[in-house]
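S.K.: Quick one, structure for this:
(3 chains)
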Amino acid sequence: MYRLRRLWVQLRTEVLVLPSRALVLAWALVLLALPLAYTDAYVLRILTLMCLFAIFAASWDLLAGYSGQVNFGHALFFGAGAYASALLTLKLGMPPWLTVFAGTAVAALLGVAVGALCLRLRGSYLSLATLAFPLIAIGLLFAFPDFSGGELGFSGLPRLINGVVPNYYLAVVTMLVLVFSLWLLADSKFGLVLHAIRDDEVAARASGINTPRYKVMVFAIAAACAGLAGGLLAHYMRVTGPFTLETALSFQVVIWGIFGGVATIYGPVVAVFILYPVTEWFGGFQAFGERRLLLFGVIVLLVLLYMPRGLAPWVRDRIETLCPRCKQRSAAWKSHCRHCSAALAPTDRPRASGPGQA
Amino acid sequence: MIQDILVSGLISSSVYALLAIGFSLIFGVARIVNIAHTAFYMLGAYLFYSLLVQLGINFAIAGLLAVAGVTALSLACYKLIIEPLREHESAVLISTIALAILFQELMLLFYGGHYLGIPSTMDGAVSIAGVSIAYQRFVILVVAFVMLAATWYLLNHTRLGLAIRATANDLEVANLMGMNVHHVALATVAFSAALAAIAGVVVAPVFVVDPYMWLGPLVTMLAIVVLGGLGSVKGSVIGAFIIGFVEAITVFAVPSGAFLKGAVALSIMVAVLLLRPQGLYGVVFEEER
Amino acid sequence: MLRALLLIAALAAAPVVHAQGTIKIAVLGPMAFVQGQHHWMGAEMARDEINKAGGIAVGGRKMMLELVRADTNEILSVPDASSAVERVITRDKVDYIVGGFRTEAVLAMQEVAMDHKKLFLGVGAAHDELGMRVERDHNRYKYWFRVSPTKATDLGRTIFGVLGAVAGSIRTELKAETPKVAIVAEKAVWTEGLVKAAQANLPKMKMEVVGLWQPSAVATDVTAELSAIERAGADIVFTFVSGPVGIALGRQMGERNMKAVAFGINVEAQKDEFWGAAAGKANFVSTLDTYSEIEITPKTIAWVRAFRDRFKVSPAYTAATYDAIMLIRTAIEQAKSTKSDDLVPVLEKISYVGNGAVIEFDKRHDPIWGPGKAMGIGVQWQDGKKVAFWPPQVKGVQPFRLPSR
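M.R.: Numbering: from 1, shown residues only, chains lettered A, B, ... in the order given. Model prediction:
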């Protein structure tokens, strides 16, 4: 009883006071409750795929947004997880519950390797060099088709669980847990160190931070999450192939990340939950030649013009105000900060940024 | 075999150099990683196709019109989309990706998903040292080298070139010296888009035109630019020749490994980066500390 | 007021009543590309023909046919393709599915259709694995049938037959006892078995293999490869290509005035657009194909003409959605049922005279290969026209031609 009350108090003081957190809670509850009311297999399938891509996008954000290592080849880890898991189940007959985690481990190891290789690279050099890794991997897959299945990859993988609703819950719960953990991690001291590295690596090192270790570590963590998402997708679809490594997928995740808002973790998730269904839905229109990416490009460009810092930060700035004294957030309609009760001037919120102004 | 490698290496290198220089200039002057750069190359090819095949215009005029059209389009894109976002580096990055995707989808919508062929502007082939080269390939070589020379002249012997180099060297100081860096950026965007469009126009009669033709050269071009050093024109040209010849050697030395030419080129880029993180001729920018 | 409400209710109920009288078939393909467009054209022809005749007879009742068009986006995204299958089954409530093109995507699409136990007639993907699944796990995969093309292994059997004929004309015209063959295969799993078979069989067929070149499927420039092939003095360029590299190959061979003739599988060369895409340079390029105005079956010539009259283009092999839908109709009329489970045993025993083949299914639900059944044809581009030169002794075929020396 005490615990329950404590939980309620925490919920009230930590979650419900902030509109953005309340929104996230509501969204999570809707996701969890949806199959009770609505079991359309198609909708659940799209949502399942969205959850898996959301993990992928959020993991990119930890790497690119927080530590500033803008990875243009994130699909490498997604594909590594998918391929490793597929190989282990098909060639060694291991149960998929194990191999998904083995795939995660393989992806993490690759993350360490890529992170270590890229330690000396900065900025755009790092982005463009990482773009090469998945393409080299595709070259290797084609060079050893007996091992990798060539352009067909692997098919007939066993599912983790059977049925539409169980698969949905598997994806939703994994996504919620992982994204929440990533958010906690990004909000912790670890995240602070990453911020410091991104903003000024030399200064961070001068302050006694072992920057290479952190940079490799964040690569490994992001790679592990992406690998898990890849493995889950492979077993859900029962196939894997070079499509998990393609440049288009790497670009897609960059777009999700930046469109949603970098260095937020939830931003890319929001982006996936908006852009993925829109593209899927648009693909059915014959009037537009069934060109599903057309609207995608237009939306991204238009939204960016009005919200150059991304969708989620824009919305957050509308519904919440930053306290000038303690830098904590409060609901926009409050006149005083919820922590230090400093007065919140209504004009104090960041100015709207539209075209032509920063 | 050595003659073959020389000829096909030279041709592909010079096309790569045209693409890479433009990308390098934009990066140097405006710090934009322009993913849509090869999309302008694709648009050049498509526009040339429309003018030459569908409207039946003379090939020289069609080529000039296509280049002019793409240049105008690039300026419009810059003014309408990139400039308002200039302060937000990441937003600029994905807006160039989105632009490239948008162009690809528009071409799919207008021309369909099939491959288009453009008739050679001149027929016949010449045989040099036992290698037969179609005249059309000679055109590529000649145009590419003329454009490379023109770029060199523009950068080193004109006021605009001086401004471009100064801005690339240090944007703020250039601004303080009274240069209108916005105009310099505009001129650079137009010039590099024109280079990409020229590459598209000369290559179109030899290759196949399709809506995805921007992706392959994009990756090769990025590898070249990184290999040579971001923002360095000299590095881009040398990088283009390294990658072009590596690809040619792969195809001739390992015929059954021709599909690997892209992967080999990328591996070389990664190897160079590991030894020299700023590429061959890259400048270490202070602000990128 | 009450009347108005009743009227609205009746209107709302009307489509439901109507829906009971229709059979819905989903046509799935990459609709922005030639393959998907021909999927749809073939299906439209079948629908119009069936509905003009009053529909499909199901135990004394006539049911109209309704098509559901669905873009799979499979060229770009495998997940999108499987989502499209889920959508037509659960949203549009279709009864059967036809189409699919890229093997990678069809492998995933097959899984979704089998989850829902829906009849899925494949038109486009050639990989053996699709049928091997039926053999391994009949209970789950029995709803899959491949209508066209024949499985990859059988394509190989046809191709060596045709190659023998090509080599024959080279022997007689050039007096070369052992023609030299250069193999150009795009690097892909589907070409692998064919390349191995070629390397093993050609010496036995008295031909000399001078080399193997493996460009990427999306290469747009094969000058380097062609110079090497010319140097090797090849008479035949034996191709296994499906991507744009096929266009580059045909065009650049023509531009170099190469003496060698190209034959093999060249998917791009099967399309009407090939001649234009190769800028009119790809004379003498030849490939396996499915349809032409020759008498493969008694239906072929009339159908190909009707198709061309209606769509101003000759049918690509994915237009076999026509045969797929006609197969479904025949099966429904025989089984007097529309349930997928009732149609499977009927289809397993069916013998159906189609437009490009006489279709009978084996235990993998693949069309049985052989003369008089499903085999394919050889076509060659001759001065802007695609003419059939194989199988011999079929009404309408023309002789194979070689580049002048």
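
S.K.: ok, the spatially closest residue to A:C225 that is not a sequence neighbour - contacts?
M.R.: Using Cβ to Cβ, 6 or more residues apart in numbering or on different chains and skipping residues adjacent in sequence, the residue nearest A:C225 is A:S59, 3.5 Å away. Where C-beta positions appear, they are placed from N, C-alpha and C, glycine not excepted. A:S59 makes contact with A:H74, A:F77, A:L182, A:I221, A:A222, A:A223, A:A224, A:C225, A:A226, A:A229, according to Cβ atoms under 8 Å, 6 or more residues apart in numbering or on different chains.

S.K.: Just want the residue of chain B that's nearest chain A.
M.R.: B:A263 (2.7 Å; Cβ to the nearest Cβ).

S.K.: which residue packs closest to residue 111, ignoring adjacent ones?
M.R.: You didn't say which chain, so I picked chain A. Counting by Cβ to Cβ, 6+ apart, the residue nearest A:G111 is A:A223, at 2.6 Å.

S.K.: not what I meant, chain C
M.R.: A:R238 (4.8 Å).

S.K.: same deal with A:P242?
M.R.: A:P242 sits nearest to A:I138 (Cβ to Cβ, 6+ apart), 5.3 Å away.

S.K.: buried stuff in the helix or strand harbouring that neighbour?
M.R.: Here A:I138 sits within helix A:123-143, counting by DSSP states H and E. Neighbour-count burial for helix A:123-143, counted by 16 or more other Cβ atoms under 10 Å in any protein chain shown, picks out A:123-139, A:141-142.

S.K.: From the chain's centroid, how far away is the helix or strand just after it?
M.R.: With elements assigned by DSSP H and E, the helix or strand that comes after helix A:123-143 is helix A:145-148. Remark: helix A:145-148 is offset 30 Å from the chain centroid, using Cα atoms, centre = their mean, to the nearest Å.

S.K.: Repeat that for stretch C:150-159.
M.R.: For stretch C:150-159, the distance to the chain centre is 12 Å (Cα atoms, centre = their mean).

S.K.: could you check whether it is close to chain A?
M.R.: No - Stretch C:150-159 does not reach chain A (Cβ under 8 Å from any Cβ of the partner chain); its nearest approach is 11.1 Å.

S.K.: Contacts for that stretch next, please.
M.R.: With Cβ under 8 Å, 6+ apart, stretch C:150-159 has contacts from C:126-128, C:130-131, C:149, C:190, C:193-194, C:197, C:264-265, C:288, C:357, C:364, C:366-367, C:369, C:374-376.

S.K.: would you put the C-alpha positions of it in PDB?
M.R.: Taking Å, rounded to 0.1, in the frame of the first residue of the first chain, the C-alpha atoms of stretch C:150-159 are listed here in PDB:
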ATOM      1  CA  THR C 150       9.500 -21.400 -64.400                       C
ATOM      2  CA  LYS C 151      11.800 -21.900 -61.400                       C
ATOM      3  CA  ALA C 152      15.400 -20.800 -61.800                       C
ATOM      4  CA  THR C 153      16.800 -24.400 -62.300                       C
ATOM      5  CA  ASP C 154      14.400 -24.900 -65.200                       C
ATOM      6  CA  LEU C 155      15.300 -21.500 -66.700                       C
ATOM      7  CA  GLY C 156      18.800 -23.000 -66.800                       C
ATOM      8  CA  ARG C 157      17.600 -26.100 -68.700                       C
ATOM      9  CA  THR C 158      15.900 -23.900 -71.300                       C
ATOM     10  CA  ILE C 159      18.900 -21.600 -71.600                       C
END
